[in-house]
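J.: got a predicted model here, sequence first, then my questions.
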Amino acid sequence: AGVGGLRAGAAGNARMVAGAFPLAKLMYLGVRQLSKPLAARIKAGARASPFFRQYICGPPAQVYHWIEMRTKMRIMGFRGAAIKPLNEEAAAELGAELLGEAIVFGVGGLCIFLEYSRQSANSKKKEEELSSTLLSLQEQLAELTLTVETLDTQLREVNRALVAVSASPQK
């Protein structure tokens, strides 16, 4: 009954995990899909706000432009050529695009991290359940071993008594 109950419990847990996984995956997919419109709104706000244009979108766009142009120039064989910075409008546009992509990428990374954490927690829980089951089985084995030893001792005593009774003179 104990082993059958263990199998039934494991099957129930497997069904529960299988049922929860698509729901979690669907939820993560929904969060990622919602991040795209959120990123678009943030980009639109960044384009409209002078603070965002100058301090949030501009510097990363200029750095990205500088790295991109430096790399292209080196590939083409030009060394030491001066790279002109982007104008404010182009920098704001590129910075807003970079910001939007960073938001989508960040949400995706967060989803991956949360899924990893969830799987890790499930794995740890399963490991603890298996460990407790193993410990329980070891305790049961120790109890059964003690019972067998007790029964073996009683059987030897009964055999001695039987031998003593059969060896005694009959009247």
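T.: Right, received. Where do you want to start?
J.: below-threshold pLDDT in the chain: ranges please.
T.: 1-24, 170-171 (pLDDT under 70).
J.: centroid-nearest residue for it?
T.: Taking C-alpha atoms, centre = their mean, the centroid of the chain lies closest to residue 116, which sits 1.6 Å from it.
J.: how far off centre is the host helix or strand of that residue?
T.: Per DSSP states H and E: residue 116 is located in helix 88-167. The chain centroid and the centroid of helix 88-167 are separated by 16 Å under C-alpha atoms, centre = their mean, to the nearest Å.
J.: which other helices and strands contact it?
T.: When contacts are defined as 3 or more C-beta pairs under 8 Å, 6 or more residues apart in numbering; DSSP states H and E, helix 88-167 sits against helix 2-48, helix 58-76. C-beta here means a position set from N, CA and C on the backbone, and glycine is covered the same way.
J.: tilt between it and helix 58-76?
T.: On the basis of axes from the mean of the first three to the mean of the last three C-alpha atoms, to 10 degrees, helix 88-167 is oriented at 90 degrees to helix 58-76.
J.: circling back: contacting residues around the residue nearest to the centre of the chain?
T.: When contacts are counted by C-beta atoms under 8 Å, 6 or more residues apart in numbering, residue 116 touches no other residue.
J.: and the gap between it and residue 110?
T.: Computed as C-beta to C-beta, to the nearest Å, the residue 116 to residue 110 distance reads 11 Å.
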